[in-house]
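1. Sequence first, predicted coordinates after that:
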Amino acid sequence: MSEALIMTGRAIRISRRNVDALITSVALPVMLLLIFVYFFGGAIDTGTPAYVTYVVPGVLLLCAGFGSSKTAFAVTEDLKGGIIDRFRSLDIGGTQILTGHVLASVARNLIAMTLVLALAFAIGFRPSATPQGWLAATAVLLAFILALSWLSATVGLLAKSPEAAGGFTFFVSFLPYPSSAFVPTNTMPNWLQPFATHQPVTQVIESIRGLLLNQPVGATPWVAVAWCAGILVASVAAAGALFRRQAA
């Protein structure tokens, strides 16, 4: 555990020095929030008093996805830069190295989403969640960030170059669009609705939205957590096997 914390501190220091990436991770969700609220919000009927109330959970998830995807780039840079061989000579295992990148991703995402949420409150976001609702929504969001960060680390082990790993950012950033992040899924074409309704991003967004707005959520949070747990377990197992193969 101490080695994992040391690796986390290292990854955080690297992120702190890469100021442009940090700014981009926050700037993109902020710009999308302002664009959707002020450019498109007046033309979209979601059944909520204000469009900002509907769209904030989706923007938070977009922020989480964009921030987590940076883990793939960081892992690939470590592999190609030769630092992994130095860590192996110090008897530091792959689990600790990857855990450090993942925990640093969680920390970066929490900071970015706090800033996005502060802006959302400034432009009119008014959730009515109970304290238990806030805790539950935060837990679901953290589960999603953790699962996506491990998935991103796995992609980083597979990628042949940091640039290829960066392509994962596009996929993760696109996934919230065919979901309920910005519009209800029942307004989409019939052929797209089954995917948009049942994909994991929609389950997470609907859980967070319902919990923050103090609306009935049924079993949706449990479905969202199950998706996150499945992605997490598969990613950790795959990352362990890939790291052993890469380091062999």
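-> Cool, got the structure. Numbers count the residues shown, from 1 in each chain.

2. Low-confidence stretches in this protein?
-> 1, 4, 19-22, 85, 88-94, 169, 246-248 (pLDDT under 70).

3. Would you map the helices across it?
-> 2-17, 19-35, 51-68, 70-81, 83-89, 94-122, 131-158, 162-174, 193-198, 200-212, 220-247 (DSSP state H).

4. nearest to residue 185, of these?
-> Comparison of the helices of the chain against residue 185 by C-beta to C-beta identifies helix 193-198 as nearest, at 4.3 Å. In short, each C-beta sits where N, CA and C put it, glycine included.

5. what comes into contact with the closest one?
-> With contact meaning C-beta atoms under 8 Å, 6 or more residues apart in numbering, helix 193-198 is reached by 178-180, 185-186, 188, 202.

6. Equivalent analysis for stretch 52-59, please.
-> Contacts for stretch 52-59 (C-beta under 8 Å, 6+ apart): 29, 32-33, 36-37, 41, 46-48, 116-117, 120, 123-127, 176, 179-182, 205, 208-209, 212-213.

7. Make a ChimeraX selection of the buried ones in those.
-> The ChimeraX command for the buried members of those (criterion: 16 or more other C-beta atoms under 10 Å) is given here:
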select :29,32,33,36,37,41,46,116,117,120,125,127,176,179,180,181,182,205,208,209,212,213
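
8. What about the contacts of helix 193-198, which are in strands?
-> Using DSSP state E, no member of the contacts of helix 193-198 sits in strands.

9. Restricted to buried residues, select those residues in ChimeraX.
-> Here is the ChimeraX command that selects only those of the contacts of helix 193-198 that count as buried (16+ other C-beta under 10 Å):
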select :178,179,180,185,188,202
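
10. Quick check: of the contacts of helix 193-198, which lies closest to residue 228?
-> residue 202 (13.1 Å).

11. Contact partners for the closest one?
-> Residue 202 neighbours (C-beta under 8 Å, 6+ apart): 179-181, 185, 196.

12. Dump those to CSV, plus distance to residue 143.
-> As requested, these are arranged in CSV below (distance: C-beta to C-beta, whole Å):
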residue, distance to residue 143
179, 17
180, 18
181, 17
185, 22
196, 21
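
13. out of those, which one sits closest to residue 244?
-> For those, the nearest to residue 244 is residue 179 (34.7 Å; C-beta to C-beta).

14. measure that closest one to residue 107 for me?
-> 26 Å (C-beta to C-beta, to the nearest Å).

15. can you check residue 154 too?
-> 20 Å.

16. More neighbours: these two, which one.
-> residue 154 (26 against 16; other C-beta atoms under 10 Å).

17. these two touch, right, the more buried one and residue 241?
-> No. Using C-beta atoms under 8 Å, residue 154 is not in contact with residue 241, being 9.5 Å away.

18. Buried residues, stretch 190-205. List them.
-> 196-197, 199-205.

19. Kindly reformat those as TSV containing distance to residue 159.
-> As requested, the buried residues of stretch 190-205 are exported to TSV (distance: C-beta to C-beta, whole Å):
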residue	distance to residue 159
196	28
197	31
199	24
200	22
201	22
202	27
203	27
204	25
205	28
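
20. Out of these, flag the one nearest to residue 168.
-> residue 201 (15.0 Å).

21. contacting residues around the residue lying closest to the closest one once chain neighbours are set aside?
-> Nearest non-adjacent residue to residue 201, counting by C-beta to C-beta, 6 or more residues apart in numbering: residue 179, 4.5 Å away. Contacts here follow C-beta under 8 Å, 6+ apart; on that basis residue 179 touches 58, 185, 196, 199, 201-202, 205.

22. again, only using 10 Å
-> 58, 61-62, 185, 188, 195-206 (C-beta atoms under 10 Å, 6 or more residues apart in numbering).
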